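>>> Please find the sequence and the predicted model below.
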Amino acid sequence: MQKPIHVVGGGLAGSEAAWQIVSLGIPVVLHEMRPARKTDAHQTDDCAELVCSNSFRSDDHEYNAVGLLHDEMRRAGSIIMRAADGHQVPAGGALAVDRHGFSAAVTKALTEHPLVIFERDEVPSIEATENWNAPVIIATGPLTSEPLADSIRKLTGEESLSFFDAIAPIVHRDSIDMSKAWMQSRYDKVGPGGTGSDYVNCAMDKEQYEAFIDALLTAPKTDFKEWEKNTPYFEGCLPIEVMAERGIDTLRYGPMKPVGLTNPHTQKRPYAVVQLRQDNALGTLYNLVGFQTKLKYAEQSRVFRMIPGLENAEFARLGGLHRNTFINSPRLLDHQLRLKQKPHVRFAGQVTGVEGYVESAAIGLLAGRFAAAEIMDTPFLQPARTTALGALLAHITGDAEAETFQPMNVNFGLFPPITTGRGGRDRKLAYTARAKEDIKPWLEFPKPLANDRLIIRNANLEDVDGILAAHQKAVFEKASGHYPQHVLTSWSPGATVERKAKLANEIQDPEHIIIVAYHDGQIVGFAQAIPAIQELRAVYTESSAPQHSGSLLLKEIEERAFMRTNKLVCHSSLNAENFYTKNGYNKVTSAHHVLSDGTEIECVQMQKDFRVTP
């Protein structure tokens, strides 16, 4: 029997961790507090929702560190990269995605996987995870709820580490004036799914640029709360007005740089350029690249409509600001991402102090594999530090200085130096070639469990048909020598509409505990208890279930029920009396049970008392 690993948080890291675990044959309980509890940035309750940009940055796996990380994750079977590749939109040399199609694909893959159980609940503290008696991965991201963040602070003795992150506006494509704007990728570069003309470009001359900078600097900004005033920004995602404060030309050498672009309306390189990147597969929405902002909403519309071509822009979403939380990983985590003070807990994703969608998912990938290997009793194997995965892991679990730790994107500066005199592009190519070779042994770690393992997990709504099928097989296979045919048919009439609805309601009822035994791709048994009334309602296994499956199911549901009651009573069928006796149940009396259609069935009332006598 294989107990599940619990993953807290259904973002990029949590989704990736869950996927890696179930791909290795281990069940997962995925806890996501949305929609019951909202965050400041999310708009849906989908897994892996992209709340900021829709870009995964460069996909160049030969000359770029994040492109190399893409490559390693693809080779490791990443669900995040699979969904991104399936929903990419044109973005020059970058990998950008249709944000809604992307998150819907990740959500669908997880909800349809038979080893994933979704729990839409908030986990309020680290202490609450101890009741699960199982490995835990905390992947709650930068928007970790305050109760859980407070629990982490109290446990670790660390002050909260935070930074501000900003969101760029999105405009409707048909509101852009293309008589002033034009389509072009920088240097006409063709990337994944692109053509070389993938960005909308809006040019500014010097006078327009300087007026725009003045408007950015003088426009009203979002006010900070008192406790937020000393919180820094992440340098890789600065609000555009904060960059403007650093000097008049800062933006012209940053997100508004004109290099690699020619305005076809003038046949000249512009003084400054605002680029917009496709945000959805339909090409109806475009986001302002690098235009994260904390301007107040009314001011955003006014200031950004000063951009030539956006005078009549209609905004699908305005920019915003949210506070991100991360832990001091070099001080708190070991090399397997385990919390040193509570090793059953791992952390993953942006909360560990990595920055970027792909980096967050990569740490989820690592945490998922490490947790699965631990539960499978497989020796730990760390990815080589010469790989993108290994370099990122080493940075947050020891290489970085704990006293000055801040969020970091993957970059070649995290890699051990190349011992060659080559420089520039040749050196980058040497880094990636070495990494691609050195990642190979780790990709074989750990080996998936054989599919003949019995897995016991919580039931979900997708299990209804499988449970009723297993019930019918068990009844007709094991009880036919004790009851006539018409009683068997009344006992298990199959998957009727009424039975399916009743079972679905019971699965969702917190008073009912329903677990299933999963073997070789199908449900082969189940058990059900209602601790509030001390009732063990059912334990059924069909003949194809591995030996002792029934006893394992019974033991598991007893462990769960006995947190709430000190005894269980069941009405055993005649054929199952010996089974319950062997498992510690005592006969109380002979009895009759009335089935749903009024048929009476002869049975035995049995009881197991769990009170410990002195």
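Sure, I can see it. Numbering: from 1, shown residues only.

>>> can you give me the strands for the stretch 51-200 of the chain?
55-58, 88-89, 94-97, 116-119, 136-138, 161-167, 170-172, 182-183, 199-204 (DSSP state E, counting those that start in this stretch).

>>> One more: the stretch 201-350 of the chain?
Taking DSSP E, counting those that start in this stretch as the criterion, the stretch 201-350 of the chain contains strands spanning 272-278, 285-288, 315-317, 320-326, 338-339, 342-347.

>>> Pull out the buried residues from the last one.
Spelled out, it's strand 342-347. The neighbour-count criterion (16 or more other CB atoms under 10 Å) identifies 344-347 as the buried residues of strand 342-347. C-beta: built from backbone N, CA, C; applies to glycine.

>>> hang on, the earlier thing: rank the strands of the stretch 51-200 of the chain by mean pLDDT and give me the bottom one.
If those are sorted by mean pLDDT, strand 161-167 sits at the bottom with a mean of 59.

>>> if we can go back for a sec, which one, of the strands of the stretch 51-200 of the chain, ends up nearest to I152?
Ranking these by their distance to I152 (criterion: CB to CB) puts strand 136-138 first, at 8.0 Å.

>>> List the pairing partners of that closest one within its sheet, with orientation.
strand 5-8 (parallel), strand 342-347 (parallel) (DSSP bridges).

>>> right, and these - which one's nearest R82?
Minimum separation from R82 across the strands paired with strand 136-138 (CB to CB) falls at strand 5-8, 18.1 Å.

>>> rewinding a little: with distance to F412 and mean neighbour count as extra columns, can I get the strands of the stretch 51-200 of the chain in JSON lines?
Supplementary listing: these in JSON lines, determined by distance: least, CB to CB, whole Å; neighbours: other CB atoms under 10 Å:
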{"stretch": "strand 55-58", "distance to F412": "12", "mean neighbour count": "23"}
{"stretch": "strand 88-89", "distance to F412": "25", "mean neighbour count": "26"}
{"stretch": "strand 94-97", "distance to F412": "18", "mean neighbour count": "28"}
{"stretch": "strand 116-119", "distance to F412": "36", "mean neighbour count": "20"}
{"stretch": "strand 136-138", "distance to F412": "28", "mean neighbour count": "29"}
{"stretch": "strand 161-167", "distance to F412": "23", "mean neighbour count": "21"}
{"stretch": "strand 170-172", "distance to F412": "32", "mean neighbour count": "19"}
{"stretch": "strand 182-183", "distance to F412": "32", "mean neighbour count": "16"}
{"stretch": "strand 199-204", "distance to F412": "26", "mean neighbour count": "24"}
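
>>> mind putting the strands paired with strand 136-138 in a markdown table, mean pLDDT included?
Below are these laid out as a markdown table (pLDDT from 0 to 100):
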| stretch | mean pLDDT |
| --- | --- |
| strand 5-8 | 96 |
| strand 342-347 | 95 |
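
>>> Please identify which of those strands is closest to D46.
Comparing those by their distance to D46 (CB to CB), the top pick is strand 5-8, with 15.8 Å.

>>> now that closest one: how far from the chain's centre is it?
If you compare the mean C-alpha spot of strand 5-8 with that of the full chain, they lie 10 Å apart, counting by CA atoms, centre = their mean, to the nearest Å.
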